[in-house]
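S.K.: Build me a model:
(2 chains)
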Protein chains: 2
Amino acid sequence: MSDVSPLTLNRLSLYLRCLQDLASQGVERVSSKELAERYQLSASQIRKDLAQFGEFGIRGVGYEIEHLRDRLRALLGLDRRHGLVILGVGSVGTALARFAGFNQDGYRVVGLVDSDPAKVGRRLGTLRVEPVARLTAVVRETGATIGVLAVPAAAAQSSYDALVAAGIGAVLNFAPTQIRESRGVRIKTVDLRVDLEELGFYLAQAT
Amino acid sequence: MSDVSPLTLNRLSLYLRCLQDLASQGVERVSSKELAERYQLSASQIRKDLAQFGEFGIRGVGYEIEHLRDRLRALLGLDRRHGLVILGVGSVGTALARFAGFNQDGYRVVGLVDSDPAKVGRRLGTLRVEPVARLTAVVRETGATIGVLAVPAAAAQSSYDALVAAGIGAVLNFAPTQIRESRGVRIKTVDLRVDLEELGFYLAQAT
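M.R.: So this is what the prediction gives:
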């Protein structure tokens, strides 16, 4: 099942959010058509995406919301805890440490690490910035599973390698560079320059 | 040409970065094979992506780097200026205002707007946080073309609508919600929760 495309997974996250919203309103069942209309999604895409993971819907009745929600939560690993270690505590790392979405459901920022001696020892909320030499110890002590790279592009590959060596299971990368994956430790790169240039293309087309 | 997929556009941004790197090293020509090997890309994908925009490569010779770089820069709107107005100056908005990638090439953060009277008037670098009532004036005075939504999910749709009314051409949205597009003002949503859940899926599969 690990060959599910990232695009499908990202849609599952959106469906889950919609289901949680409906559940909080006391709704018990929803059809793909209702879901699509209410949240501006595609009904056929919903059916296709969910069919990959088993038969959740009953024709003419729709999806049982709590059941589907719990299945999606389990699929997306939300029924377990995930500790995040942020590497690089500059302006991006600091904002991420404070970001509500990183401290919600099973996710928690549990460690902050920086190579700059001037930053080590600083407090951010309940956490203290640790030196890079303590990375493996921090991962072991906190049980962190996800590393977050908020370092400059030039330091990204070596920082990723250090996270892999420290036993991290997956990495979210904010450095604008391609990283060589090793030992199956998956990388997801968030590249805001690339996102801006996507908008730049459409603006250039419009004029 | 506006039907080019976002995934293709995002790859063009990566190719451009590689070409700029090669040009800075004085390299004049590169084949798709060399480009692929050097930057861990796919040679056939490179050829396919670039073929959509005309004939850049010569069989057996490769791509002329400066020519291709300039064409890609024009395609991605990098040969013009883009002013960014950030709506919401909390921790995410503040980090984005300071983000190097938002103040590079033709891109500049030119305006900061917040609805919180306690934040209005604060200085961030050379910019002053303006009240929401001044949004249209800020867009007009600065010539901003891109709006950046760094507001809570509940405020995202009304903030987008306000940006559209103010004459913005495209919007980068960091609020974790789906926004209804209007008047062709394109939205690109960066949803870090969705990215985390993608990693959560792979972690759940691995154990």
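S.K.: Quick one: name whatever helix or strand follows the strand of greatest length in chain A.
M.R.: Criterion DSSP state E: the longest strand present in chain A is strand A:107-114. Scanning forward in sequence from strand A:107-114 by DSSP states H and E, the next helix or strand is strand A:123-124.
S.K.: Direction included, what does that next one pair against?
M.R.: Strands that pair with strand A:123-124, judged by DSSP bridges, come out as strand A:127-131 (antiparallel).
S.K.: Run a quick neighbour tally on A:L87.
M.R.: Other residues near A:L87 come to 30 when the count uses other C-beta atoms under 10 Å in any protein chain shown. In short, each C-beta sits where N, CA and C put it, glycine included.
S.K.: these two touch, right, it and A:V138?
M.R.: No - taking contact to mean C-beta atoms under 8 Å, the distance of 9.9 Å between A:L87 and A:V138 leaves them out of contact.
S.K.: Can you work out which residues contact both of the two?
M.R.: A shared contact of A:L87 and A:V138, defined by C-beta atoms under 8 Å, 6 or more residues apart in numbering or on different chains, is any residue touching both; here these are A:V113.
S.K.: for the one helix or strand A:Q205 maps to, what is the average pLDDT?
M.R.: Secondary structure assignment for A:Q205, by DSSP H and E: helix A:192-206. The pLDDT scores in helix A:192-206 average 88.
S.K.: how much space between the residue lying closest to A:V148 once chain neighbours are set aside and chain B?
M.R.: In space, not counting the residues next to it along the chain, A:V148 is nearest to A:I86; the distance is 4.5 Å by C-beta to C-beta, 6 or more residues apart in numbering or on different chains. Distance from A:I86 to chain B, counting by C-beta to the nearest C-beta, to the nearest Å: 12 Å.
S.K.: before we move on, what about A:L14?
M.R.: Between A:L14 and chain B the computed distance is 7 Å (C-beta to the nearest C-beta).
S.K.: Now do that residue: how many residues are near it, please.
M.R.: Other residues within reach of A:L14, judged by other C-beta under 10 Å, total 21.
S.K.: hmm, back to that, show residues contacting the helix holding A:Q205.
M.R.: Outside helix A:192-206, the residues that touch it by C-beta under 8 Å, 6+ apart are A:174, A:176, B:1-2, B:4, B:6, B:9-10, B:12-14, B:16, B:74-78, B:80, B:82, B:96, B:99, B:101-102, B:104, B:106-107, B:145-146, B:169-172, B:184, B:186, B:188, B:190.
S.K.: ok, how many other residues are close to A:A36?
M.R.: Neighbouring residues of A:A36 were enumerated by other C-beta under 10 Å; the total is 18.
S.K.: List the buried residues of stretch A:160-172.
M.R.: For stretch A:160-172, the buried set under the neighbour-count rule, 16 or more other C-beta atoms under 10 Å in any protein chain shown, comprises A:160, A:162-164, A:166-172.
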